[in-house]
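Participant: sequence-free structure coming up:
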């Protein structure tokens, strides 16, 4: 376990506070030098998976809900993320978005893309089709990314047969809808 420091930007503060408000019990504080110090961290999600193997069902639910909570907090600031990968997430009594440097403007449910996006295994399909800059994509691109990240971290296929019928299945299924306008981040 170790201490990780993040810049105390409005985005990081809002994301961290949203997690605390949702019941997250991570050990964090704002330091005098403008950082958020997180104690008891296990490193990036990539490092955690290398050390412990795939996430189980309950960890994947926590991953999805922690990330979703932070995405809502960013949206309240008029910001959003287009995609997330394992290295963007810190494991620390839950899952915290550690890399918010790629946050973009969010206006009327549209994320503004002003520079080329590095597409990867957890990028929504429509983002890979952007060929003109500036451009926009629906904010639900991040829902798709979170769902793909959960599946990747669990080591299960996109058909999700291993979790079919569960609450997590229905959350991920709604997030992976082909039409970005109909995607929902809803866990019931």
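Facilitator: Cool, got the structure. Computed from a predicted structure; not experimentally measured. Numbers count the residues shown, from 1 in each chain.

Participant: Give me the residues contacting stretch 5-22.
Facilitator: Residues lying outside stretch 5-22 but in contact with it, judged by Cβ atoms under 8 Å, 6 or more residues apart in numbering, are 26, 28, 30-31, 34-38, 65-66, 69-70, 72-74, 76-77, 79, 94, 96-98, 100, 103. Bear in mind the C-beta positions are built from the backbone N, C-alpha and C, glycine included.

Participant: and that stretch, how far from the chain's centre?
Facilitator: Put simply, stretch 5-22 sits 13 Å off its chain's centre (Cα atoms, centre = their mean, to the nearest Å).

Participant: again with stretch 165-179
Facilitator: Distance, centroid of stretch 165-179 to centroid of chain: 16 Å (Cα atoms, centre = their mean).

Participant: Buried residues in it, which are they?
Facilitator: Buried residues in stretch 165-179, defined by neighbour count with 16 or more other Cβ atoms under 10 Å: 168, 170, 171, 172, 174, 175, 176.

Participant: picking that back up, would you mind listing which of the contacts of stretch 5-22 are buried?
Facilitator: Burial by neighbour count, 16+ other Cβ under 10 Å: within these this picks out 26, 28, 36-38, 65-66, 69-70, 73-74, 79, 94, 96-98, 100, 103.

Participant: Filter the residues you listed down to the ones in helices?
Facilitator: In this view, these that belong to helices under DSSP state H are 65, 66, 69, 70, 73, 74.

Participant: got JSON lines for those, with pLDDT too?
Facilitator: As requested, these are exported to JSON lines (pLDDT from 0 to 100):
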{"residue": "65", "pLDDT": "97"}
{"residue": "66", "pLDDT": "96"}
{"residue": "69", "pLDDT": "96"}
{"residue": "70", "pLDDT": "96"}
{"residue": "73", "pLDDT": "94"}
{"residue": "74", "pLDDT": "95"}
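
Participant: can you give me the strands for this protein?
Facilitator: Counting by DSSP state E, the chain has strands at residues 2-7, 27-30, 35-41, 79-80, 89-91, 95-97, 104-107, 110-113, 135-138.

Participant: which of these sits most buried?
Facilitator: strand 95-97 (a mean of 26; mean count of other Cβ atoms under 10 Å).

Participant: ok, that strand: who's next to it in the sheet?
Facilitator: Note on strand 95-97: by DSSP bridges, its sheet partners are strand 89-91 (antiparallel).

Participant: Contacts for the strand it pairs with, please.
Facilitator: Contacts of strand 89-91 (Cβ under 8 Å, 6+ apart): 4, 38, 41-45, 47-48, 63, 67, 95-98, 149.

Participant: which one of the residues you listed sits closest to residue 139?
Facilitator: Closest approach to residue 139 among these (Cβ to Cβ): residue 67, at 13.8 Å.
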